[in-house]
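Trainee: I'd like to go over a predicted model; first the sequence, then the structure.
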Amino acid sequence: MSNPVSEKWEEIKTLVESIELDVMKNAAGNASAGIRARKGLRLLKKEAADLVKITVSEEKSRKGGDKA
């Protein structure tokens, strides 16, 4: 599974799992966990944007390959 889209998706799923614990701790009142959760969510936003870029690039390369 060396597809760049699949690899990035796996990274994002792992990131979400790691953020989940801090979100739950923050919901229980742990302020430090809230800081970690927000930091993780900012990283998640960046990674999701990267995934969008990768998928657009992959689709363009496929379309370009079909025409050649």
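Mentor: Perfect, thanks for sending it.

Trainee: alpha carbons only for contacts and neighbour counts from here, please
Mentor: Will do.

Trainee: How far does the one helix or strand residue 33 maps to sit from its chain's centre?
Mentor: Using DSSP states H and E, the element containing residue 33 is helix 31-67. With C-alpha atoms, centre = their mean, to the nearest Å as the basis, helix 31-67 stands 5 Å off its chain's centre.

Trainee: Could I get the average pLDDT for that helix?
Mentor: Here helix 31-67 scores 93 as its mean pLDDT.

Trainee: Point out the other helices and strands that that helix packs with.
Mentor: Where contact means 3 or more C-alpha pairs under 8 Å, 6 or more residues apart in numbering; DSSP states H and E, helix 31-67 is packed against helix 4-27.

Trainee: report the angle between the axes of the helix it packs on and helix 31-67?
Mentor: 160 degrees (axes from the mean of the first three to the mean of the last three C-alpha atoms, to 10 degrees).

Trainee: what residues are up against residue 55?
Mentor: With contacts defined as C-alpha atoms under 8 Å, 6 or more residues apart in numbering, residue 55 is in contact with residue 5.

Trainee: and if you look at residue 47?
Mentor: Counted by C-alpha under 8 Å, 6+ apart, residue 47 has contacts 8, 12.

Trainee: Try it again at 7 Å.
Mentor: Residues near residue 47 by C-alpha atoms under 7 Å, 6 or more residues apart in numbering: residue 12.

Trainee: so how far is residue 30 from the residue most central in space within the chain?
Mentor: Centre of the chain computed as the mean C-alpha position; nearest residue by C-alpha atoms, centre = their mean is residue 12, 3.2 Å away. Here residue 12 is placed at a distance of 24 Å from residue 30 (C-alpha to C-alpha, to the nearest Å).
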